[in-house]
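>>> attaching a predicted model along with its sequence, questions to come.
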Amino acid sequence: MTRLSVNVNKIATLRNARGGRLPDVLLAAERIERFGAHGITVHPRPDARHITYADVRALRERVSTEFNVEGYPSPDFIDLVCAVRPDQVTLVPDAPDALTSDAGWDTVGRAEFLAPTVARLRDAGMRVSLFIDPVPELISGAAALGVDRIELYTGPFAQAHTALGAEAALPFARAATFAHSLGLGVNAGHDLNLDNLRDFASHVPHVAEVSIGHALISDALYLGLSNAVASYLACLRPAFAN
């Protein structure tokens, strides 16, 4: 069953724009879970422009579904997740000033850098996922590092989908099938939305989880948070039967 993890970064962005506590990230996360989402994702960045490290600690106490923390494996980030111990840590290769994630890890060229971090996180009992592009060599590199899962970077799928429709999912279907054959779990995320998610879920096998934030929170402005979560879950229903 493909599960929906909702990234609540943008709720924190709105809060930080005014200061104070509104909108309440903790309350939003609890409501999102109540509305049927299977998990909560956050991605704290060095400039704390949305989710802060304090938010991560507070959410750990309130999230009752799966808690996924994304980030670049800097020493302070690793210390944070080792203290908080989320269910899953997704490592991303973002530079400190990156606006958003726009590429996956070079799991071959950066293997020496990633290996000790992966080992430390797994030894601490956390599931480890690497954000990567749908390239067989990189998927093999992830498997060699001993990670539990990969998260396929779906930005190129979303961009191609506007012209190709469901055909844009084919490289990701091949990548997911290959990862599954190596014993890796498969997650996916970035720029998935109500226009393309159904095609992705229907054509890409073995996807355990999609992480969606910007589009879902944007849709919530028009639909309401409960209806937005329900709409995204509806797009995943074809995958539920696989």
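Received it, and whenever you're ready, just let me know what you need. Numbering: from 1, shown residues only.
>>> what's the burial count for N16?
Neighbouring residues of N16 were enumerated by other Cβ atoms under 10 Å; the total is 15. Every residue, glycine included, has its C-beta placed from N, CA and C.
>>> in which helix or strand would I find it?
Of the helices and strands defined by DSSP states H and E, N16 is found in helix 9-18.
>>> name the next helix or strand downstream of that helix, please.
Later in the chain than helix 9-18, the nearest helix or strand by DSSP H and E is helix 25-34.
>>> please compute how far that following helix lies from its chain's middle.
Using Cα atoms, centre = their mean, to the nearest Å, the distance from the centre of helix 25-34 to the centre of the chain it belongs to is 17 Å.
>>> just the residues contacting the least confident helix or strand in the chain by mean pLDDT, thanks.
Ranking every helix and strand in the chain by mean pLDDT, DSSP states H and E puts helix 225-240 at the bottom, with a mean of 88. Residues external to helix 225-240 that are found in contact with it (Cβ atoms under 8 Å, 6 or more residues apart in numbering): 1-2, 4, 6, 28, 31-32, 35-37, 194, 197-198, 201-202, 207, 210, 212, 216-217, 219-220, 223.
>>> now the buried members of those.
Buried residues within the contacts of helix 225-240, defined by neighbour count using 16 or more other Cβ atoms under 10 Å: 2, 4, 6, 28, 32, 35, 37, 194, 197-198, 201-202, 207, 210, 212, 216-217, 219-220.
>>> out of those residues, which are inside helices?
Of the positions in the buried ones among the contacts of helix 225-240, 28, 32, 197-198, 201-202, 216-217, 219-220 sit in helices, assigned by DSSP state H.
>>> tell me which two of those sit farthest apart.
Greatest spatial distance among those (Cβ to Cβ): A28 and S202, at 28.9 Å.
>>> return the distance of the spatially most central residue of the chain relative to T154.
Most central in the chain under Cα atoms, centre = their mean is S211, positioned 3.9 Å from the mean C-alpha point. Per Cβ to Cβ, to the nearest Å, S211 is found 10 Å from T154.
>>> any residues in contact with both of these two?
Joint contacts of S211 and T154 (Cβ under 8 Å, 6+ apart) are 188-189.
>>> so where is this structure shaky, pLDDT-wise?
Segments of the chain classed as low confidence (criterion: pLDDT under 70) are 96-102, 238-242.
>>> for it, which segments count as strands?
Per DSSP state E, the chain carries strands over the ranges 3-7, 39-42, 66-71, 88-91, 127-132, 149-153, 185-189, 207-212.
>>> can you add distance to A175 and give those strands back as CSV?
Compiled in CSV, these are given as follows (distance: least, Cβ to Cβ, whole Å):
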stretch, distance to A175
strand 3-7, 19
strand 39-42, 21
strand 66-71, 19
strand 88-91, 17
strand 127-132, 9
strand 149-153, 6
strand 185-189, 8
strand 207-212, 11
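>>> between those strands, which gets nearest to I51?
Nearest of the strands of the chain (Cβ to Cβ): strand 39-42, 4.5 Å.
>>> adding distance to I139, write the ones in helices among the buried ones among the contacts of helix 225-240 out as TSV.
Below are those laid out as TSV (distance: Cβ to Cβ, whole Å):
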residue	distance to I139
A28	34
I32	30
L197	22
R198	25
A201	20
S202	22
L216	27
I217	30
D219	31
A220	33
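>>> quick check, nearest of those residues to L170?
Distance to L170, by Cβ to Cβ, is smallest for S202 among these, at 12.2 Å.
>>> so the closest one touches A173, yeah?
No: using Cβ atoms under 8 Å as the test, S202 is too far from A173 to be in contact (10.0 Å).
>>> got the CA coordinates for the least confident helix or strand of the chain in CSV?
Output in CSV follows, covering the C-alpha atoms of helix 225-240 (Å, rounded to 0.1, in the frame of the first residue of the first chain):
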residue,chain,number,x,y,z
LEU,A,225,-6.9,20.7,4.8
SER,A,226,-9.2,17.7,5.3
ASN,A,227,-10.4,17.8,1.7
ALA,A,228,-6.8,18.2,0.4
VAL,A,229,-5.6,15.2,2.3
ALA,A,230,-8.6,13.2,1.1
SER,A,231,-8.0,14.2,-2.5
TYR,A,232,-4.4,13.0,-2.4
LEU,A,233,-5.3,9.8,-0.8
ALA,A,234,-7.9,9.2,-3.5
CYS,A,235,-5.1,9.6,-6.1
LEU,A,236,-3.2,6.8,-4.4
ARG,A,237,-6.1,4.3,-4.4
PRO,A,238,-5.1,2.6,-7.6
ALA,A,239,-1.8,1.7,-5.9
PHE,A,240,-3.6,0.3,-2.9
